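Peer 1: Just a sequence and a predicted model for now, questions to come.
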Amino acid sequence: MRKYGREDVDYATWYTPWMKTLAAQHTKEQLEQRLNGAAKDAGKAAQTHLRAIERTSSMQSASAARAHSRNTVAAAGELKGALSGALEIHELFPEHAKAANSTGANDAI
């Protein structure tokens, strides 16, 4: 069994179920495309959050807008992390990843 570089870390313990599912359902190329899109979305969400903060004049004003934009930034960051982990699975554990030449209903992003 291959390890991540440490004796206490392997495929079963290092990666989240979300990362494992993404790696199994999408090819490396599809994941790279999604990661590029997620990075752009995260940048836009961060800018929106900063604008929401700048528009406020007190702790109570526009708190819903700040909270929503903060949650959007957090979700975008989590997606980027999951996609990065799925790409890492493709590189380190290809037996657990979808091959580029495989066919099936999950080929679409």
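Peer 2: Nice, I can see it.
Peer 1: Give the buried residues for stretch 32-39.
Peer 2: 34-35, 38 (16 or more other Cβ atoms under 10 Å). Using the backbone N, CA and C atoms, a C-beta is placed for each residue, glycine as well.
Peer 1: I'd like those as JSON lines, with secondary structure appended.
Peer 2: As requested, the buried residues of stretch 32-39 are exported to JSON lines (DSSP: H, G, I helix; E, B strand; the rest coil):
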{"residue": "34", "secondary structure": "helix"}
{"residue": "35", "secondary structure": "helix"}
{"residue": "38", "secondary structure": "helix"}
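Peer 1: Tell me the one of those nearest residue 91?
Peer 2: Nearest to residue 91, judged by Cβ to Cβ, of those is residue 35 at 13.2 Å.
Peer 1: circling back: ok, so of the buried residues of stretch 32-39, who is nearest residue 52?
Peer 2: Distances from residue 52 to the buried residues of stretch 32-39, taken by Cβ to Cβ, are shortest for residue 38, at 20.5 Å.
Peer 1: Residue 89 versus the closest one, what's the distance?
Peer 2: 17 Å (Cβ to Cβ, to the nearest Å).
Peer 1: now swap in residue 39 and tell me
Peer 2: Residue 39 is 19 Å from residue 89, by Cβ to Cβ.
Peer 1: Residue 44 too?
Peer 2: Distance of residue 44 to residue 89, computed by Cβ to Cβ: 27 Å.
Peer 1: Neighbour count: these two, which is higher?
Peer 2: Using other Cβ atoms under 10 Å, the more surrounded residue of residue 44 and residue 89 is residue 89, with 24 against 13.
Peer 1: With adjacent residues omitted, what lies nearest to the more buried one?
Peer 2: The shortest distance from residue 89 to any non-neighbouring residue, by Cβ to Cβ, 6 or more residues apart in numbering, is to residue 23 (3.9 Å).
Peer 1: same question, residue 27
Peer 2: Nearest non-adjacent residue to residue 27, counting by Cβ to Cβ, 6+ apart: residue 100, 4.8 Å away.
Peer 1: contacting residues for that neighbour?
Peer 2: Applying Cβ atoms under 8 Å, 6 or more residues apart in numbering to residue 100 gives the contacts 27-29.
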